[in-house]
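**Q** I need the structure of the sequence given here:
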Amino acid sequence: MNQPRFSAVAAAGFAAFVNIYAIQALLPTLCEVFHSSRASVGLTISATTLAVALFSPLAGLVGSWLGRRQKVFIAMLGLMLCGLGAALAPTLKALIAWRFAQGMFLPLLSSAILTWIGEDCEPRSVGHTMSIYVAWTSVGGVCGRLTAGILGYHFGWRTAMVVLALVTGAAAALLLTKIPDRASSPGSGALSPAAMVGLLRS
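**A** Numbers count the residues shown, from 1 in each chain. Just a heads-up that it's a prediction; the model follows:
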């Protein structure tokens, strides 16, 4: 059994949260740039968290058709490209749409990492490995806000968003070199609609 490596687990946790709340530090700037209210600009955060909530129940089902590294690659590529799209957004509505798209990919990444930890980690070290993952989600959240705030102040919000996207790409490269692949047979682990309803009810 291959134990999940610290660097890979840390990179996964970091990447999962470095983007999601980073834009909080840019809200005052975005209000000025797009001449919009705080409530409207706040949707750039709400859109991401809404997408996470909507697509989390589907992440495991979709992920069961893909190999482990495929899931991570698709999720990380989606996060990075949507981050670049957000940086180039010409309007507030476009920025909100790109932020929603980012949220769609986060559950796929989380489900892949948690499955990896559950399958490859020794039972006695699952708790320790999970604590590393959770701790680095916090690190990612803090670093995302700090990076966005500092770069946004000195170089503009678009530059801040581009840098965050590139940081996500770097985390993806590290993660993909460390995570072992495990192919999924077609439909393996897929739930029928009745089983899905039962799972959600439980």
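**Q** tell me, how many neighbours does residue 56 end up with?
**A** Applying other C-beta atoms under 10 Å, we find 15 residues neighbouring residue 56. C-betas here are computed from N, CA, C, even on glycine.
**Q** Okay, and it sits in which element?
**A** helix 43-63 (DSSP states H and E).
**Q** who touches that helix?
**A** 19-21, 23-24, 27, 30, 71, 92, 95-97, 99-104, 106-108, 110-112, 115, 184, 189-191, 196, 200 (C-beta atoms under 8 Å, 6 or more residues apart in numbering).
**Q** Just the buried ones among the residues you listed, please.
**A** Neighbour counting with 16 or more other C-beta atoms under 10 Å marks 19-21, 23, 30, 71, 92, 95-97, 99-104, 106-108, 110-112, 115, 184 as buried within the contacts of helix 43-63.
**Q** Out of these, list just those in helices.
**A** Using DSSP state H, the subset of those located in helices is 30, 71, 92, 95-97, 99-104, 106-108, 110-112, 115.
**Q** ok so, going back, can you give the distance of the helix holding residue 56 from its chain's centre?
**A** 10 Å (C-alpha atoms, centre = their mean, to the nearest Å).
**Q** which intervals of this structure have sub-threshold pLDDT?
**A** Within the chain, the stretches with pLDDT under 70 are 1-4, 62-64, 181-193, 195-196, 199-200.
**Q** Tell me how far the closest residue to residue 30 other than its chain neighbours lies from residue 33.
**A** In space, and not counting its chain neighbours, residue 30 is closest to residue 41: 4.7 Å by C-beta to C-beta, 6 or more residues apart in numbering. For residue 41, the distance to residue 33 equals 9 Å [C-beta to C-beta, to the nearest Å].
**Q** what does residue 70 give?
**A** From residue 70 to residue 33 the distance is 37 Å (C-beta to C-beta).
**Q** Surely residue 7 and residue 176 touch.
**A** No - counting by C-beta atoms under 8 Å, residue 7 stays clear of residue 176, with 12.0 Å between them.
**Q** Nothing else from me, thank you.
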